[in-house]
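Peer 1: quick one, what's the 3D model for this:
(2 chains)
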2 protein chains.
Amino acid sequence: MRKAIFAVILGLATVTTAQAFAADEPGNVIKYRQAVMKAIGGHTGAIAGVVKGEVSFAGDVAAHARAIQEMSQLVAHLFPKGTDNESQAKNRALPAIWAEPAKFDAAVKAFQAASANLVKVAQAGDPSAFGGGLQQLGKSCGGCHKPFRAEKK
Amino acid sequence: MRKAIFAVILGLATVTTAQAFAADEPGNVIKYRQAVMKAIGGHTGAIAGVVKGEVSFAGDVAAHARAIQEMSQLVAHLFPKGTDNESQAKNRALPAIWAEPAKFDAAVKAFQAASANLVKVAQAGDPSAFGGGLQQLGKSCGGCHKPFRAEKK
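Peer 2: Numbering: from 1, shown residues only, chains lettered A, B, ... in the order given. Next up, the predicted model:
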């Protein structure tokens, strides 16, 4: 994966002139969406390491929280129609996302609220409060991933 | 991986009282470091999708750039002694990091400078400049990954 990113970056000069890809084709949006989710997963895992006491980097938590909060603002446009797991491969987004838009929207808003709260908690700087903030965030992740994401095959 | 994160979050209540892990043990720092790198990789891959024209989300780039820039400030404390690939498993950090500290430090600083520049470029808002900013960033990633990271086995 990391290797692929390097190849991408090194090939940019060519690609930017050739425009080999059509913007916002479902497969491209899914690839982008998965990169965003990978970033969120990295930050969340890092915060969990602090909260579990595995590492002492409590001072890093606010930076991770800010990144997650910024990503939470992007989620709404990461799920255009046609990017579900029935019409597209390598993708676990269930059609329920589009069948139950109000429920999906509420779940996205809960994620945004939980990540904004985690920023507040992290920036306040009391490590004993980080666990509670992270648990609320984790619950909001599940608010989408449980009803709207297919199990891994 | 994502499943593992959920399990971690759900188990926090137990772990925060039990403190099952010793802070900053090499294996724990490596796990944390890899979470940070995963986040950076996600953001970088997302920006690459925009620059390649795969997705039209040019407005997202500044958020990704800010996250990478914040992560670049953490890198210096992610490599304590004893977290090299000879003394620790599942880890590609070469002993050269500690054998050539000035060179490593310069590479970290180049990453910090490139990510700060990418924030500036992204926030200026001209998408035609994003590719140049990303290429400089990619070069700075290679500045560490080429001399200081083992090839994947």
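Peer 1: the bottom helix or strand of chain A by mean pLDDT?
Peer 2: Sorting the helices and strands of chain A by mean pLDDT, DSSP states H and E puts helix A:12-18 at the bottom, at a mean of 48.
Peer 1: closest to the centroid, which residue in chain A?
Peer 2: In chain A, the residue lying closest to the centroid (CA atoms, centre = their mean) is residue A:37, at 3.1 Å.
Peer 1: contact partners for the residue nearest to that residue when sequence neighbours are not counted?
Peer 2: Of all residues beyond its chain neighbours, the one nearest residue A:37 is residue B:42 (7.3 Å), with distances taken as CB to CB, 6 or more residues apart in numbering or on different chains. In this view, the C-beta of every residue, glycine as well, is placed from N, C-alpha and C. Residue B:42 is in contact with A:35, A:36, A:37, A:38, A:39, A:40, A:41, A:42, counting by CB atoms under 8 Å, 6 or more residues apart in numbering or on different chains.
Peer 1: so which helix or strand takes in the first one?
Peer 2: Of the helices and strands defined by DSSP states H and E, residue A:35 is found in helix A:26-51.
Peer 1: if we can go back for a sec, and the residue nearest to the centre of chain A, how far is that from residue A:143?
Peer 2: Relative to residue A:143, residue A:37 is positioned 14 Å away (CB to CB, to the nearest Å).
Peer 1: for chain A, what are the low-confidence residue spans?
Peer 2: The model of chain A has pLDDT under 70 over residues A:1-21.
Peer 1: rerun that using 90 as the cut-off
Peer 2: For chain A, applying pLDDT under 90 flags the ranges A:1-22, A:152-153.
Peer 1: just the helices in it please.
Peer 2: With DSSP state H as the criterion, chain A has helices at A:2-10, A:12-18, A:26-51, A:61-72, A:96-99, A:101-124, A:130-148.
Peer 1: can you put those in a markdown table and add distance to residue B:126?
Peer 2: Formatted as a markdown table, these follow (distance: least, CB to CB, whole Å):
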| stretch | distance to residue B:126 |
| --- | --- |
| helix A:2-10 | 19 |
| helix A:12-18 | 13 |
| helix A:26-51 | 20 |
| helix A:61-72 | 20 |
| helix A:96-99 | 33 |
| helix A:101-124 | 28 |
| helix A:130-148 | 33 |
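Peer 1: ok, which of those helices comes nearest residue B:105?
Peer 2: Nearest to residue B:105, of all these, is helix A:61-72, at 20.3 Å by CB to CB.
Peer 1: report whether that closest one contacts chain B.
Peer 2: Yes - Helix A:61-72 comes into contact with chain B (CB under 8 Å from any CB of the partner chain), by way of A:63, A:64, A:66, A:67, A:70, A:71.
Peer 1: can you report how many residues lie near the second one?
Peer 2: The local packing count at residue A:64 equals 31, with neighbours defined by other CB atoms under 10 Å in any protein chain shown.
Peer 1: chain neighbours aside, what residue packs nearest to it?
Peer 2: Closest to residue A:64 by CB to CB, 6+ apart is residue A:43, at 4.1 Å.
Peer 1: likewise for the third one?
Peer 2: Of all residues not flanking residue A:66 in the chain, residue A:119 sits nearest, at 5.6 Å (CB to CB, 6+ apart).
Peer 1: OK, contacts around that neighbour?
Peer 2: Per CB under 8 Å, 6+ apart, neighbours of residue A:119: A:62, A:65, A:66, A:69.
Peer 1: tabulate the contacts of residue B:42 (CSV), appending distance to residue A:134.
Peer 2: CSV is the format used below for the contacts of residue B:42 (distance: CB to CB, whole Å):
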residue, distance to residue A:134
A:35, 22
A:36, 19
A:37, 17
A:38, 18
A:39, 17
A:40, 13
A:41, 13
A:42, 14
